[in-house]
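[1] turn this into a structure:
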Amino acid sequence: MTRRTAWGTYTRITNALRQRLTDGTYAPGTHLPSEAAFCAEFGVARNTVRRALSVLKDEGLITVRTGVGRLVRDEATKPRTRSENIAANLRHQIEDGRLQPGDALPSEAQLSRRYGVSRSTARTALITLETAGLVTCVHGKGRYVRQDVPR
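    Presented below is the predicted three-dimensional model:
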């Protein structure tokens, strides 16, 4: 029988691990603990841990090397894509309160003009924020900062 995990638990784990990455608990270039260790720590199924780690990888905070494991990305050597830079900028605005819960984010067109990128690049940045659970998309209306964003 497989163990079931409450819906959205991966978001809680993602936020906890993201905090550890930003506060220096896991230093740049170091190995992360194993999936099994995270499963034991958080009391969840392996797929839940994998989903949380996948979000961190998509955000560019960790990297996966075949045969080596998951490593904390080193900011000094990490090439950032333009979409990652846009997502990081918007995330910072959400975290420091400039974008409040319920506020509309700039549209893809506005972001593409502001940053001089294609709409596809802007869309990728917005999708990264959605995947991280910071933003919700209302089809036909736009993207908004979630009301339940953890601070």
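[2] who touches the most centrally placed residue in the chain in this structure?
    With distances taken as CA atoms, centre = their mean, Ala132 lies nearest the centre of the chain, 3.9 Å away. Applying CB atoms under 8 Å, 6 or more residues apart in numbering, one finds that Ala132 lies in contact with Thr14, Val55, Glu59, Arg91. For every residue, glycine as well, the C-beta is placed using N, CA and C.
[3] do you know how far it is from Asp58?
    Ala132 sits 8 Å away from Asp58, taking CB to CB, to the nearest Å as the criterion.
[4] where does the chain dip in pLDDT?
    Flagging of the chain using pLDDT under 70 yields the residue ranges 1-6, 75-80, 149-151.
[5] can you map out the strands along this protein?
    62-65, 69-72, 135-138, 142-145 (DSSP state E).
[6] in a markdown table: those, plus distance to Arg46.
    Converted to a markdown table, these look like this (distance: least, CB to CB, whole Å):
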| stretch | distance to Arg46 |
| --- | --- |
| strand 62-65 | 15 |
| strand 69-72 | 14 |
| strand 135-138 | 27 |
| strand 142-145 | 31 |
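[7] which of those sits closest to Ser107?
    strand 142-145 (6.2 Å; CB to CB).
[8] ok now the closest one, how far from the chain's centre?
    Strand 142-145 has its C-alpha centroid displaced from the chain centroid by 16 Å (CA atoms, centre = their mean, to the nearest Å).
[9] and it, what does it pack against?
    helix 119-131, strand 135-138 (3 or more CB pairs under 8 Å, 6 or more residues apart in numbering; DSSP states H and E).
[10] recalculate using a threshold of 7 Å.
    strand 135-138 (3 or more CB pairs under 7 Å, 6 or more residues apart in numbering; DSSP states H and E).
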